[in-house]
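# how does the following fold in three dimensions:
(2 chains)
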Amino acid sequence: MSAPSPAAASRPRLPRWRWRDALWIVLALVAVVALRKGESSYEERDAPLLQTAPAARAVGRNFAVEVGRLKVAQAYLLKGDFSHPEDRTLRSPGVWLSVLAKVEALQRPGYLTAQIRTRDGLVYVASNPNRPKLPGLNLSERALAPGLAESGAWFFELPPDKLEGAHLQLYWGNALPVGGDSLVDVDLGLDKAAARKLVADAKPVLDLRM
Amino acid sequence: MTTTDTAAASTTAPPAGWWRRNAGWLAGTAVVATLALWLPYRDALQRYRERNPSIAVAAARNDWTAFNGARWKLVAAESLLARDPRLRGPLRKDAEVVLLRYEVIPDPGAKTRDLDTCVGAIVDAGGRRWEAAPVGLPRLSGPRLPDRCGSGYDDAFKQVVAVPGRPFAFQHAFVLPRGQRLSELRARIEFRYSGKADGRYLEFAL
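Numbering: from 1, shown residues only, chains lettered A, B, ... in the order given. Predicted coordinates for the structure are as follows:
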């Protein structure tokens, strides 16, 4: 048996390069790229679950809504209040869309919010309870409790050309629901003819003095 | 050194495997990883249970029950229908008002501020829940009682405060759908913001 050369023995031994290691590295890189490509975005993770529902009875987490008739008006004539006793006309830069509805909480008390989503993705949240100020009628920010159904209407201000294809969206609470919660989407059935008819039937000033 | 020497050395003391050489590190990593998952989970669970109490403390009927630094008793439960003379305001036709009168004796050292964070609720067998002092509650006539558990105002609009060792009366008023049987309902007192109730709530059978 011959002794090995002294130079080879003194040099520190490097791990032997094997093609199998290279294969593992390539596989790991492929996995990294594939997983990053398939990763859901923040928007996807935080977005609520869109849940389509019929207008007759739309049920979401903790609420049920029966959507009724729709009406469009250019302006509302409202009774004056304590500080302004004379009647006044409430105008909008667009048109007023009112959506009649019957709303009920199913399990616990709280609030329901409504918004309109147009066919091009714009969102119009229901007008606040002071615009128009109709205490028994405006459903915006109405306190709900189980077993005590409330009826009334939501009022939306939107451009008249956005009516076509608009959907009503409903969610429990005052803030947009976070991921996993339900955002109930009701198709209002506003095709081109229906939207045009609503605008054509719109009164210049709708009398809401009660 | 020759190859035969190395071979002889390796036969006498075989080199330990990677797992065995790093056993200490591996065990330490397992312990640290377990703690890193468990501790935040425990904290989040505790916070959730404080906000959503789920452990019922059944209250004795007509007797004092210790809960959250005080002793509690349900004194009276009654329901008022619409047109009851004690209702001094409009009430929707399909609703009734349920009044629950309680008394509480704070333990020595209990703070009024902590007692005031109580939340009163009624639940039915189906899990539906109503909270005290809702928006549609009409004004009530009769002796004025505080609606918080630790302080309030009396008939003369003078402030009354729960004193340790002395009973303090308060009242929770609810608006429920008409036709509820009181015997099927349960009243609750919860402390969601005091951080001491530890997921427990006090439950009374009506």
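# only the buried residues of the stretch of helix or strand B:L74 belongs to, if you could.
Secondary structure assignment for B:L74, by DSSP states H and E: strand B:70-81. Neighbour counts using 16 or more other Cβ atoms under 10 Å in any protein chain shown place B:A70, B:W72, B:K73, B:L74, B:A77, B:S79, B:L80 of strand B:70-81 among the buried residues. Every C-beta, even on glycine, is put in place using the N, C-alpha and C of the backbone.
# dump that strand to CSV, keeping only the CA atoms.
The C-alpha trace of strand B:70-81 is given here as CSV (Å, rounded to 0.1, in the frame of the first residue of the first chain):
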residue,chain,number,x,y,z
ALA,B,70,-69.5,41.3,44.1
ARG,B,71,-72.6,39.4,45.1
TRP,B,72,-75.6,39.5,42.9
LYS,B,73,-79.3,38.8,43.2
LEU,B,74,-82.2,39.1,40.7
VAL,B,75,-85.0,40.7,42.6
ALA,B,76,-87.8,41.0,40.1
ALA,B,77,-88.6,40.3,36.5
GLU,B,78,-91.7,41.5,34.7
SER,B,79,-92.8,42.3,31.2
LEU,B,80,-94.9,45.4,30.2
LEU,B,81,-97.0,45.2,27.1
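# how many neighbours does the closest residue to A:G165 other than its chain neighbours have?
Distance criterion Cβ to Cβ, 6 or more residues apart in numbering or on different chains; nearest residue to A:G165, sequence neighbours excluded, is A:R119 at 3.2 Å. Other residues within reach of A:R119, judged by other Cβ atoms under 10 Å in any protein chain shown, total 12.
# same check on the one 4 residues further on?
Other residues within reach of A:V123 by the criterion other Cβ under 10 Å amount to 10.
# what do you get for A:G136?
So A:G136, with other Cβ under 10 Å, has 9 neighbours.
# now find how far off-centre stretch B:113-129 is within its chain.
Centroid separation for stretch B:113-129 versus its chain: 8 Å, with Cα atoms, centre = their mean, to the nearest Å.
# also stretch A:93-100?
Computed by Cα atoms, centre = their mean, the chain-centroid distance of stretch A:93-100 equals 18 Å.
# flag every buried residue along that stretch.
Quick answer for stretch A:93-100 (16+ other Cβ under 10 Å): A:G94, A:V95, A:W96, A:L97, A:S98, A:V99, A:L100.
# narrow the residues you listed to those in strands?
Judged by DSSP state E, those include A:G94, A:V95, A:W96, A:L97, A:S98, A:V99, A:L100 as members of strands.
# grab the nearest non-local neighbour of the residue in chain A that chain B sits nearest to.
Nearest residue of chain A to chain B, counting by Cβ to the nearest Cβ: A:G147, 3.4 Å away. With sequence-adjacent residues excluded and distances taken as Cβ to Cβ, 6+ apart, A:G147 is closest to B:P177, at 3.4 Å.
# now do the contacts for the residue of chain A closest to chain B.
Counting by Cβ atoms under 8 Å, 6 or more residues apart in numbering or on different chains, A:G147 makes contact with A:E104, B:R128, B:L176, B:P177.
# first-to-last residue distance for stretch B:17-30?
19 Å (Cα to Cα, to the nearest Å).
# do that stretch and chain A meet?
No: against chain A, stretch B:17-30 shows no contacts by Cβ under 8 Å from any Cβ of the partner chain, the least distance being 13.4 Å.
# that stretch - what's its average pLDDT?
Mean pLDDT, stretch B:17-30: 94.
# any idea how far B:A70 is from chain A?
Distance of B:A70 to chain A, computed by Cβ to the nearest Cβ, to the nearest Å: 26 Å.
# still on that earlier bit, ramachandran angles for the residue of chain A closest to chain B?
Note on A:G147: its backbone torsions stand at phi 80, psi -10 [degrees, to the nearest 10].
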